[in-house]
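> Here is a sequence with its predicted model. Questions after.
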Amino acid sequence: MLEIKNLVKHFDKVKALEDINLTVQKGEKIVIIGPSGCGKSTLLRCINLLETPTSGIIKYRDVETKKYKRDVLCQKIGMIFQNYNLFNHLTIIKNITLAPIKLKIMTKEEAYKKAMKMLKLMKLEDKAGNYPRELSGGEKQRVAIIRSLILSPEIILLDEPTGALDPENIKDVLEILKDIAKDGMTMIVVTHEMNFAREFADRVEFMDKGMIVEEGTSKAIFDHPKNERLKEFLNKIKS
């Protein structure tokens, strides 16, 4: 479904990504771990055309992503950010329905009906008329998830989806992500939540200094790491 070949991304003299190769199959749950600044978020942003790769190829369904219009690609590859990226001047219902209405995927009535159904599933139906500033961090992240899912993407990219949450809200959001995955959604998640990565991932990618230095099942990565840098990383987290 998604294929990345020899991906490179430089910011002036900073080498953010170096020779990234990754293939993602339909329904796979990929978790990317690694130290801060290793290129995890940049990789997601390149996949979704929020950043333009310096070189290399990214293909979605055998077509290079650069050949897609960004609005079209974002319908197929959704993204959920650490800091929610909600529009503070719009109500929750308008935040959710803005994209499907603007892109003419749904009529206003269809979008509002689907949004309310999804808000109810997330136990947020009473927040439809509120503004983001009136919601807790966990509620904002649930809204961000709904906003992505309403477009019915085939892949969801999640960049530290629990990074701005308190421990109680982290648990709630992670449970929601597990429920979404049960329906066969293809997901690529950047996270520092190692227990979640261990339980959730079909495959874990460990990144360091802009490169994928080891990949494998969660059991292989966490119980039998081979790379010395990965061993060091995991030991620091445990201590």
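Nice, I can see it. Numbering: from 1, shown residues only.
> does the most centrally placed residue in the chain have beta-bridge partners, and which?
What sits nearest the mean C-alpha location of the chain, by CA atoms, centre = their mean, is Leu158, with 1.4 Å. Going by DSSP bridges, Leu158 is paired in beta bridges with Ile80, Val189.
> In contact with it: list those residues for me.
Residues in contact with Leu158 (CB atoms under 8 Å, 6 or more residues apart in numbering) are 79-80, 177, 187-191. Any C-beta I mention is one placed from the backbone N, CA and C, and that applies to glycine too.
> Show the buried residues in those residues.
Burial by neighbour count, 16 or more other CB atoms under 10 Å: within the contacts of Leu158 this picks out 79-80, 177, 187-191.
> can you put those in TSV and add pLDDT and distance to Thr54?
Rendered in TSV, the data for these read as follows (pLDDT from 0 to 100; distance: CB to CB, whole Å):
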residue	pLDDT	distance to Thr54
Met79	92	20
Ile80	91	25
Leu177	89	31
Met187	96	26
Ile188	97	20
Val189	96	24
Val190	95	20
Thr191	93	26
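> quick one on the thing from earlier: now do the residue nearest to the centre of the chain, the pLDDT please.
At Leu158 the predicted local distance difference test score is 94.
> so Lys5 sits in a strand?
Yes: applying DSSP: H, G, I helix; E, B strand; the rest coil, one finds Lys5 inside a strand.
> what's the spacing between it and Gly56?
Applying CB to CB, to the nearest Å, one obtains 6 Å for the distance of Lys5 from Gly56.
> Tell me which of those two has more neighbours.
The residue with more neighbours, out of Lys5 and Gly56 and counting by other CB atoms under 10 Å, is Gly56; that gives 17 against 13.
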